[in-house]
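K.L.:
what would the 3D arrangement of this be:
(one chain, ligands or ions: 1)
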Amino acid sequence: MKAPVRVAVTGAAGQISYSLLFRIAAGDMLGKDQPVILQMLEITPALGALQGVAMELDDCAFPLLAGMITTDDPNVAFKDADYALLVGARPRGPGMERKDLLEANAAIFSVQGKAINDHASRDIKVLVVGNPANTNALIAQRNAPDIDPRQFTAMMRLDHNRAMTQVAQKTGTSINDVTQMTIWGNHSSTQYPDLHTALINGEPAISKVDGTWYEETFIPEVQQRGAAIIKARGASSAASAANAAIFHIRDWALGTPEGDWVSMGVYSDGSYGIEEGLIYSFPCVCKDGDWQIVQGLEINEFSSSRMKATENELKEERNAVKSLLPA
Ligand code: NAI
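P.N.:
The predicted structure follows:
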């Protein structure tokens, strides 16, 4: 059996974590031969509920669960962490403006970025799930100057999975037939799900659907799927978000399948003209525990304008929290 790795999860008593923690402990994320120690962070008032979650984890008798820590101190939660899933975030309250929301989260993610910088493994892999995920990831990254910025990522995998299912259902194919899907940009309604890059059974997906469906149904449905779930369920996506987080870290750690790629919010190196340093979703191939942005994709005018629009939103979000970012 391998030595255990330490997985920090924030917002550990929340909805997403109620699915996520159990799947991590079951070995769905890092493999059935990889023991894990869960380091769970919550705000002080939620520590009682978190204790209940820890009791249930105990009651599962997971063979791979090598230990648990519950805490309200980020310095404890991130100590020697090999992975961090930053799920906890401040939800939008009544009367709260977008800028207030960005600032409230900037306060949380700057503290957590610093704690990661000071206490985590130098090789930590960080996934930000809590919204606004890309900008929260940027804030955490900027507060962790001693960690390679490439190790901070934002979750786009739920959008990626949603897009795969929509196109498979439309074309009467299986999810297993769909490859090379790409979501560009921000995890928000400006994201651009791009069918031009995707393949169905090795053939261009765009050639299998009509242009009106692509522009007027597919794109808005993927962009608005989160809102549709809230309307139907009366609560935001939880199990599917946890699943996406599992897939994101699994592929980053263990690699993407040959010939395929995934969408990840990653530190832009200027690829495709996207401003360097933004946490922007690109198509990525993962290998040996690292990711690379897929290069050389052809971008038409339609795609280019949408990629720019979502980039502009990320710049606006960054500017709204600029005063809180270290120089
Ligand atoms: P939830 O409200 O059920 O749970 C969030 C938990 O975070 C709460 O238990 C809260 O006490 C905790 N928390 C708040 N501030 C914290 C802090 N400073 N440190 C530690 N814990 C803290 O919310 P849910 O449904 O689990 O969603 C979590 C986040 O994930 C939300 O921001 C949501 O918008 C986002 N989300 C992101 C998706 C994506 O695709 N990137 C998809 C779905 C949700």
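
K.L.:
for the rest of this, base every contact and every neighbour count on C-alpha atoms.
P.N.:
Fine.

K.L.:
note down every partner strand of the helix or strand hosting Q39 and its orientation.
P.N.:
Taking DSSP states H and E as the criterion, Q39 maps to strand 36-41. Take DSSP bridges as the rule and strand 36-41 pairs in its sheet with strand 5-10 (parallel), strand 65-71 (parallel).

K.L.:
please say whether there is contact between it and the ligand.
P.N.:
Yes. Interface with the ligand: strand 36-41 contributes L41 (C-alpha under 6 Å from any ligand atom).

K.L.:
residues contacting that strand, please?
P.N.:
Residues lying outside strand 36-41 but in contact with it, judged by C-alpha atoms under 8 Å, 6 or more residues apart in numbering, are 4-12, 21, 24-25, 64-74, 77-78.

K.L.:
and those near the ligand, which?
P.N.:
10-11.

K.L.:
among the contacts of strand 36-41, which ones are buried?
P.N.:
4-12, 21, 24-25, 64-66, 68, 70-72, 74, 77-78 (16 or more other C-alpha atoms under 10 Å).

K.L.:
counting neighbours, what do you get for K322?
P.N.:
14 (other C-alpha atoms under 10 Å).

K.L.:
report the separation between it and the ligand.
P.N.:
From K322 across to the ligand, the span is 20 Å (C-alpha to the nearest ligand atom, to the nearest Å).

K.L.:
how close does that residue sit to R142?
P.N.:
11 Å (C-alpha to C-alpha, to the nearest Å).

K.L.:
flag every residue of the stretch 101-250 of the chain that's near the ligand.
P.N.:
Checking the stretch 101-250 of the chain against the ligand by C-alpha under 6 Å from any ligand atom, the hits are 108, 129-131, 133, 155-156, 158, 236-238, 241.

K.L.:
selecting buried members of the residues you listed in PyMOL, what would you type?
P.N.:
Buried subset of those, written as a PyMOL selection, criterion 16+ other C-alpha under 10 Å:
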select buried, resi 108+129+130+131+133+155+156+158+236+237+238+241
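
K.L.:
of all the residues of the stretch 101-250 of the chain next to the ligand, which two lie farthest apart?
P.N.:
By the measure C-alpha to C-alpha, I108 and L158 form the most distant pair in these, at 23.0 Å.

K.L.:
packing partners for the longest strand along the chain?
P.N.:
Longest strand in the chain, counting residues (DSSP state E): strand 279-287. Other helices and strands packing on strand 279-287, by 3 or more C-alpha pairs under 8 Å, 6 or more residues apart in numbering; DSSP states H and E, are helix 133-142, strand 152-154, strand 182-184, helix 239-254, strand 262-267, strand 290-293.

K.L.:
wondering if that strand reaches the ligand at all.
P.N.:
No. Against the ligand, strand 279-287 shows no contacts by C-alpha under 6 Å from any ligand atom, the least distance being 11.3 Å.

K.L.:
can you show me the CA trace of that strand as PDB?
P.N.:
The C-alpha coordinates for strand 279-287 follow below in PDB (Å, rounded to 0.1, in the frame of the first residue of the first chain):
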ATOM      1  CA  ILE A 279      -7.100  31.900 -14.500                       C
ATOM      2  CA  TYR A 280      -8.900  31.100 -17.800                       C
ATOM      3  CA  SER A 281     -10.400  27.800 -19.000                       C
ATOM      4  CA  PHE A 282      -8.400  26.100 -21.800                       C
ATOM      5  CA  PRO A 283      -8.300  22.700 -23.300                       C
ATOM      6  CA  CYS A 284      -5.600  20.800 -21.300                       C
ATOM      7  CA  VAL A 285      -3.800  17.500 -21.700                       C
ATOM      8  CA  CYS A 286      -2.600  16.100 -18.400                       C
ATOM      9  CA  LYS A 287       0.400  13.800 -18.000                       C
END
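
K.L.:
now what about that strand, what contacts it?
P.N.:
134-135, 137-138, 153-154, 156, 180-186, 251-256, 260-268, 291-294, 311, 314.

K.L.:
ok, of these, which come out buried?
P.N.:
Using 16+ other C-alpha under 10 Å, the buried ones in these are 134-135, 137-138, 153-154, 156, 180-186, 251-256, 260-268, 291, 293, 311, 314.
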